[in-house]
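Have a look at this prediction, sequence included:
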Amino acid sequence: MRFAVIVFPGSNCDIDCYKAVEETIGQPVDYVWHTATDLSAYDAIIVPGGFSYGDYLRCGAIARFAPVMNEVRKAAEEGKYVLGICNGFQILTEAGLLPGVLLRNRELKFRCHPALLEVVNNETPFTRDYAKGEIVNIPIAHGEGNYYCDEETLAKLEANGQVVFRYKAGENPNGSVSDIAGICNEGRNVVGMMPHPERAVSELLGSSDGKRMFTSVLSAWRERHGATVNG
């Protein structure tokens, strides 16, 4: 299974994502520059966190016009796996691959600390190794992680099971509507989340709860392609 980690000017979690793939599931992974115009060789695409293009205008607003985003959109439409983390989530919403927007945190402060999340949907390729309702510890690091959508969109997300993660009740760090920490598209193959699973792949980092997002998608890919555990 081949992974691409997209790199924009200002990305700063690309190395973390690369290492998470390399060290937790041992699959081939490449850095792919934002000017790339072909992602056909990859099975999964990670859009990492950071400050793409300096977060000018607003988070993700410039990155969504990068040439590579046309290829990310094409890959998503083909059913390939796409994971947007933090700034990557913001970029996916700006690009229209996921509904809603990310606003400034409710208290207008950058929040960087462990966060407890409830696994709401464990039927996506990225969450199949979790139990529904499980509480996991995955850190956040953002200033604009306040997920917002209108009531009609929220009702649709709830009805379609597109809410993937919620902050544990009473521990919403940013004011997100309905405590939402992560969502997916209707096809379940595109997931966006503000917390950083790549920073929670070893107990040395304080939690290994993020590791299962990578084992999950590898398992989903192998099932789709009829591969054995040993490839």
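Looks like it came in fine.

Give me the longest helix you can find in this structure.
If you go by DSSP state H, the chain has its longest helix at helix 211-225.

which SS class is Arg64?
At Arg64 the chain is in helix, as set by DSSP: H, G, I helix; E, B strand; the rest coil.

that older thread, list the buried ones in the longest helix of the chain?
For helix 211-225, the neighbour count (16 or more other CB atoms under 10 Å) marks 211-214, 216-221 as buried. To be clear about C-beta, it is placed using only N, CA and C from the backbone, and glycine gets the same treatment.

what distance separates that helix from the centre of its chain?
15 Å (CA atoms, centre = their mean, to the nearest Å).

Output that helix as CSV - backbone C-alpha positions only.
The C-alpha atoms that make up helix 211-225 are tabulated as CSV, following Å, rounded to 0.1, in the frame of the first residue of the first chain:
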residue,chain,number,x,y,z
LYS,A,211,-1.9,4.2,15.8
ARG,A,212,-5.1,2.4,15.0
MET,A,213,-6.0,4.9,12.3
PHE,A,214,-3.1,3.7,10.3
THR,A,215,-3.6,0.0,11.0
SER,A,216,-7.3,0.5,10.1
VAL,A,217,-6.7,1.9,6.7
LEU,A,218,-4.1,-0.7,5.9
SER,A,219,-6.6,-3.4,6.9
ALA,A,220,-9.3,-1.8,4.7
TRP,A,221,-6.9,-1.6,1.7
ARG,A,222,-5.9,-5.2,2.1
GLU,A,223,-9.5,-6.3,2.4
ARG,A,224,-10.4,-4.4,-0.7
HIS,A,225,-7.5,-5.9,-2.7
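
contacting residues around that helix?
Outside helix 211-225, the residues that touch it by CB atoms under 8 Å, 6 or more residues apart in numbering are 1, 20-21, 24-25, 27, 43-44, 81, 83, 124-130, 197, 200-202, 227-229, 231.

cool, stretch 65-74 as well?
With CB under 8 Å, 6+ apart as the contact definition, stretch 65-74 has outside contacts at 6, 8, 32-39, 45, 47, 63, 82, 91, 95, 97.

Out of the buried residues of helix 211-225, which comes closest to Ser176?
Of all these, Ser176 sits closest to Met213, with 19.2 Å by CB to CB.

where does that closest one land on pLDDT?
Per-residue pLDDT puts Met213 at 98.

What of His34?
98.

Confirm Ala141 sits in a helix?
No. Per three-state DSSP, Ala141 lies outside any helix segment and is strand.

if you skip the residues just before and after it, what's nearest to Glu186?
Asn160 (6.0 Å; CB to CB, 6 or more residues apart in numbering).

cool, and Lys19?
Lys19 sits nearest to Glu198 (CB to CB, 6+ apart), 7.5 Å away.

could you measure the one you found against Asp150, distance?
31 Å (CB to CB, to the nearest Å).

okay, the two: which has more neighbours?
Glu198 (30 against 11; other CB atoms under 10 Å).

residues touching that one, list them.
By CB under 8 Å, 6+ apart, the neighbours of Glu198 are 13, 16-17, 19-20, 48, 85, 210.

go again using 6 Å as the cut-off
Neighbouring residues of Glu198 by CB atoms under 6 Å, 6 or more residues apart in numbering: 16-17, 20.
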